[in-house]
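In: show me how the following folds:
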Amino acid sequence: MKINKGYLTLTILLFITEVLIGKYMHDSIIRPFGGDFLVVILLYCFVKTFFNTPVLPTALSVLVFAYITEVSQYFQLIKWLGWQQSKIAALLLGTSFSYTDLLCYTLGIGLVIAIEKTMQLPKRKQLTQH
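Out: Below you'll find the model as predicted:
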């Protein structure tokens, strides 16, 4: 397995950004929406760090994972598992369902797909010119 250093760098930067948002942002826009928007991008970059998988299946898999996690909040999975006292479980699984979170995840993955497809265009042009 070869580690993709570009995606690794993005993963680290996004992780640091998420931590800073969680620790220092107490506003009504960036904390509730920005973190959810960025977390799917972080997960995508993390997967692509280790696996050279196609863009669309990877992006959609991350999106489905985020949706499942959000829906588990609707059904209060943490309470069912008896983990409501665990700060780590609450951080990773979340505690409250929001349709807005689903929208933020979708927009984040939409940005990923748009950027990835844009980055592939110069490669395609180079291949056709040779």
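In: and the contacts of the helix or strand of the chain with the lowest mean pLDDT?
Out: Across the helices and strands of the chain, mean confidence by mean pLDDT, DSSP states H and E is lowest for helix 87-93: a mean of 78. By Cβ atoms under 8 Å, 6 or more residues apart in numbering, the residues outside helix 87-93 that reach it are 69, 72-73, 77-78, 81, 83-84. Every residue, glycine included, has its C-beta placed from N, CA and C.
In: in the helix or strand immediately after that helix in the chain, which residues are buried?
Out: Using DSSP states H and E, the helix or strand that follows helix 87-93 towards the C-terminus is helix 99-129. By 16 or more other Cβ atoms under 10 Å, the buried positions in helix 99-129 come out as 101-102, 104-105, 108-109, 111-113, 116.
In: likewise for stretch 4-14?
Out: By neighbour count, and taking 16+ other Cβ under 10 Å as the criterion, the buried residues in stretch 4-14 are 7, 10-11, 14.
In: centre-most residue in this structure?
Out: The residue lying closest to the centre of the chain (Cα atoms, centre = their mean) is residue 40, at 1.1 Å.
In: contacts for the helix or strand encompassing it?
Out: Taking DSSP H and E as the definition, residue 40 sits inside helix 35-50. Outside helix 35-50, the residues within contact range by Cβ under 8 Å, 6+ apart are 1, 3-4, 7-8, 10-11, 14-15, 17-18, 21-22, 25, 53, 58-59, 61-63, 65-66, 100-101, 104-105, 107-109, 111-112.
In: can you show me the CA trace of the least confident helix or strand of the chain as CSV?
Out: Coordinates of the C-alpha atoms in helix 87-93 are reproduced here as CSV (Å, rounded to 0.1, in the frame of the first residue of the first chain):
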residue,chain,number,x,y,z
LYS,A,87,-17.4,11.8,25.3
ILE,A,88,-15.5,10.0,22.5
ALA,A,89,-18.6,8.2,21.4
ALA,A,90,-20.6,11.4,21.4
LEU,A,91,-17.9,13.1,19.4
LEU,A,92,-17.6,10.3,16.8
LEU,A,93,-21.3,9.3,16.5
